[in-house]
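Chemist: below are the sequence and a predicted model for it; my questions follow.
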Amino acid sequence: MEIFVAGINRIRSIKGLSQENLADKIPGGKRGTVSSWLRGRTKLPSDRMDDFSVALCVSMDEIMAAGREAKTFEENKKKEAKYNTDNKETNSDNVFKINDPIEAEHLSVIRKFKNKSLACSVNKKLVELESLDDTALAEIVVEINKKIKELKKEHEQQESTYLKNGTDPEGV
């Protein structure tokens with residue numbers, strides 16, 4: 001249930017909904033009760049889970065995935081804080097490191113995004129990719145390469161048009 005509630009809070013945050021706004025969308029939902037569930041003060045009854053799915057316009061699976069993402073993010077923040085605390089005196093220039101190389105790769109990609117919602121989406125896709133077999137990954141790589149070629153060709157055509165018209169593509 002903890003992961004489900006974390007997912008609700010994550011999606012609520014992404015959608016810009018306050019607890020009050022969300023409570024108003026829950027049939028028979030009282031603001032104080034919904035707040036108590038979302039803060040973990042009281043247990044969310046399992047028969048109310050569908051209400052949140054409908055109110056947020058997402059599937060139960062999406063809520064669970066968002067909850068796992070949020071929990072993973074919290075765990076990584078704790079690891080980072082512990083690492084920084086443990087290594088503060090020995091070397092203040094150390095960068096947060098994770099033992100799992102896949103987590104480290106995710107972190108290196110995600111840190112490049114200023115938009116945390118986008119970072120979570122990227123992380124979700126990376127986790128999905130990890131679960132695919134080699135054949136499926138090879139098919140995805142072929143599709144990505146096709147799309148890159150299309151985008152490069154489109155970019156070259158735009159650049160050519162800008163040059164013919166005498167306009168600066170950076171100024172447009």
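Modeler: On my side now, so go ahead.

Chemist: okay, and the helix or strand of this structure with the least pLDDT?
Modeler: One helix or strand of the chain scores below all others by mean pLDDT, DSSP states H and E: helix 101-110, with a mean of 57.

Chemist: hang on, isn't Ile63 packed against Val54?
Modeler: No: using CB atoms under 8 Å, Ile63 makes no contact with Val54, being 11.1 Å away. In this view, the C-beta of every residue, glycine as well, is placed from N, C-alpha and C.

Chemist: which of these two has more neighbours?
Modeler: Neighbours were counted for Ile63 and for Val54 using other CB atoms under 10 Å; Ile63 has more, 23 against 11.

Chemist: helix or strand: which one has the more buried one?
Modeler: For Ile63, the host element (DSSP states H and E) is helix 60-86.

Chemist: low-confidence ranges, the protein, go.
Modeler: Applying pLDDT under 70 to the chain flags the ranges 83-120, 123, 127, 130, 167-172.

Chemist: identify the residues contacting stretch 61-71?
Modeler: Residues outside stretch 61-71 that contact it (CB atoms under 8 Å, 6 or more residues apart in numbering): 2-11, 14, 52-53, 56, 58, 120, 123-124.

Chemist: quick one: buried residues of stretch 50-60?
Modeler: By 16 or more other CB atoms under 10 Å, the buried positions in stretch 50-60 come out as Asp51, Phe52, Ser53, Ala55, Leu56, Val58.

Chemist: any of the contacts of stretch 61-71 buried? List them.
Modeler: By 16+ other CB under 10 Å, the contacts of stretch 61-71 give 3-11, 52-53, 56, 58, 120, 123-124 as buried.

Chemist: hmm, Val58 is touching Ile8, no?
Modeler: No: look at Val58 against Ile8 with CB under 8 Å: they stay out of range, at 9.4 Å.

Chemist: what's the span of stretch 34-46, first residue to last?
Modeler: 13 Å (CA to CA, to the nearest Å).

Chemist: check which residues of it are buried.
Modeler: Of all the residues in stretch 34-46, those buried under the rule 16+ other CB under 10 Å are Val34, Ser35, Trp37, Leu38, Leu44.

Chemist: ok, which pair from these is furthest apart?
Modeler: Spanning the widest gap among these are Ser35 and Leu44, at 11.5 Å by CB to CB.

Chemist: okay then, goodbye and thanks.
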